[in-house]
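>>> sharing a model that was predicted from the sequence below.
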Amino acid sequence: MTRIFLDDAGGAPILAEVTAALRDLPEGNPSSPHAEGRAARAALDRARDLTAQALGAGRTEITFTASGTEAVNLALFGSHRRMPATGTILTWAAEHQAVLGAVRRLQAEGHRVQIAPVDDAARADPDAISPGTALVSIGLANNEVGTLQPVREVIDRAHERGALVHVDACAGPRWIPIPDGADLVSFSGHKLGSGRGGALYVKDGVRIYPLLYGGPQEWGRRAGHEDVGSALAFASAISVCAREREARASVARTQAAVLRSLLAELGGELTGAVERLPNFASCAFADRKGEDMLLALDIAGIAASSGSACASGSLDPSHVLLSMGLSLDAALGSLRLTTGYATTDEEIARARDILSSVLTRSPARA
Ligand SMILES: Cc1ncc(COP(=O)(O)O)c(C=O)c1O
């Protein structure tokens, strides 16, 4: 029996378009003037144009990175270090570790940082933006429970106060568009189906310092030899998303609703807001352990997740679930099922049977 992949939010399966784009990858160094180098430069230029087109951006606004974490760090360190030391960087407690880790480091370096609380669905409150706010970092959607963040409102309010806005779009652009107007937007390739790479959008006119110093690559924002393969993979994945997200989202909405009602029937407390990414079914069981459920489901043929991929594999409860006010027991018993572009209705029907059998018999926590 073929396995059922319900961990799209942990890392989307590599798209056929990405595999095809990498088939004839040129081998040269894009900075070399010979024919091999020029072929690599042309491929990199193509990747940048495709990405810019998919995002409705200009080509100079795109910087390729190795990962979403790098893009987030480049956005936050790169912009904040250019600001007056008196400006506050604001983010929220349910943001990804990449954001929280970066702002805590900035705080340790002496910058003013505010990590605002979230509500019981992990939703950020734009009221946290205040006159001293100089930089705001908000996720497009929460990566553990799928809650959509009030990005439009945050951008407008922050701009009224003259603050820059970074949108962490590592979770979500596969399913929903990104509101216009952000100054910096970070992306993770493996969340989009490219299996590698990332990118940072930097709005024309916004200046950032690089994290790496050296050559003038990537408009001086990221020194070092360019990874043409990752750029091409990223570009083809983001292009597929831009083209197909609406149609895919409507299928996902129905499939995830089936999974959510089953999880609730089986005793799970659904987590996240009603306004969520369409492919999300997440819940918490106060009497089960996340690792036990994942292992049992894995053996039965379902790839699932217990919150973020970074947090699973450790016994630590998810900071997202705790920030939403869940009890420690509930946070340790979380389960996240996320459908993907290739998930079929037949797989959802099979997943229903497997989940019912595994979550009925799986041992309750001692
Ligand atoms: C919201 C969010 N931000 C940042 C990241 C980091 O991206 P990457 O895994 O590509 O480093 C992730 C990945 O889990 C994420 O979901």
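Alright, I've got the coordinates. Residues are numbered from 1 along each chain as shown.

>>> residue contacts, the residue of the stretch 1-150 of the chain found nearest the ligand?
Relative to the ligand, the nearest point of the stretch 1-150 of the chain is G68 (2.5 Å; C-beta to the nearest ligand atom). For the C-beta atoms, the positions are set from N, CA and C on the backbone; glycine is no exception. If a contact means C-beta atoms under 8 Å, 6 or more residues apart in numbering, then G68 has A98, D168, C170, S186, F187, S188, G189, H190, K191, G198 as its contacts.

>>> list phi and psi for the nearest residue to G162 once chain neighbours are set aside.
Spatial nearest neighbour of G162, excluding adjacent residues (C-beta to C-beta, 6 or more residues apart in numbering): A134 at 7.9 Å. Torsion angles at A134 (phi, psi; degrees, to the nearest 10) stand at phi -110, psi -30.

>>> A134: how many residues sit nearby?
21 (other C-beta atoms under 10 Å).

>>> wait, what's in contact with it?
With contact set as C-beta under 8 Å, 6+ apart, A134 has these partners: H80, M83, P84, T86, G87, T88, I89, G162, A163, L164.

>>> cutoff 10 Å now
79-80, 83-90, 111-112, 158, 161-164 (C-beta atoms under 10 Å, 6 or more residues apart in numbering).

>>> repeat that for A199.
Counting by C-beta under 10 Å, 6+ apart, A199 touches 47-48, 51, 55, 61-65, 68, 70-71, 169, 185-189, 192, 218, 230-231, 234-235, 238.

>>> name the SS class of E17, please.
helix (DSSP: H, G, I helix; E, B strand; the rest coil).

>>> and the pLDDT for the residue of the stretch 1-150 of the chain closest to the ligand?
Looking at G68, its pLDDT reads 98.

>>> again, but for G307
66.

>>> C310 too?
pLDDT at C310 comes out at 49.

>>> before we move on, the earlier item: make TSV out of the contacts of G68 and add distance to the ligand.
As requested, the contacts of G68 are exported to TSV (distance: C-beta to the nearest ligand atom, whole Å):
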residue	distance to the ligand
A98	4
D168	5
C170	3
S186	7
F187	8
S188	3
G189	7
H190	6
K191	6
G198	5
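
>>> from those residues, which land in helices?
Among the contacts of G68, the members found in helices (DSSP state H) are A98.

>>> can you lay out the contacts of G68 as JSON lines showing neighbour count and pLDDT?
JSON lines is the format used below for the contacts of G68 (neighbours: other C-beta atoms under 10 Å; pLDDT from 0 to 100):
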{"residue": "A98", "neighbour count": "23", "pLDDT": "98"}
{"residue": "D168", "neighbour count": "29", "pLDDT": "98"}
{"residue": "C170", "neighbour count": "27", "pLDDT": "98"}
{"residue": "S186", "neighbour count": "32", "pLDDT": "98"}
{"residue": "F187", "neighbour count": "32", "pLDDT": "98"}
{"residue": "S188", "neighbour count": "29", "pLDDT": "98"}
{"residue": "G189", "neighbour count": "30", "pLDDT": "98"}
{"residue": "H190", "neighbour count": "21", "pLDDT": "98"}
{"residue": "K191", "neighbour count": "23", "pLDDT": "98"}
{"residue": "G198", "neighbour count": "27", "pLDDT": "98"}
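
>>> which of the contacts of G68 fall within strands?
When DSSP state E is applied, these are split such that D168, S186, F187, S188, G198 fall in strands.

>>> which of these sits closest to L262?
S188 (28.9 Å; C-beta to C-beta).

>>> might one say that D329 is in contact with A286?
Yes - the criterion here is C-beta atoms under 10 Å, and D329 meets it with A286 at 4.7 Å.

>>> show me which residues of the chain sit near the ligand.
Contacts of the chain with the ligand, taken as C-beta under 6 Å from any ligand atom, map to 67-69, 72, 96, 98, 139, 143, 168, 170-171, 188, 190, 198, 308.

>>> need the CA coordinates for the helix or strand hosting D329. PDB is fine.
Using DSSP states H and E, D329 sits in helix 328-332. Taking Å, rounded to 0.1, in the frame of the first residue of the first chain, the C-alpha atoms of helix 328-332 are listed here in PDB:
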ATOM      1  CA  LEU A 328       1.600  21.500  28.800                       C
ATOM      2  CA  ASP A 329      -0.200  18.100  28.400                       C
ATOM      3  CA  ALA A 330      -2.200  19.400  25.400                       C
ATOM      4  CA  ALA A 331       0.900  21.000  23.800                       C
ATOM      5  CA  LEU A 332       2.700  17.600  24.200                       C
END
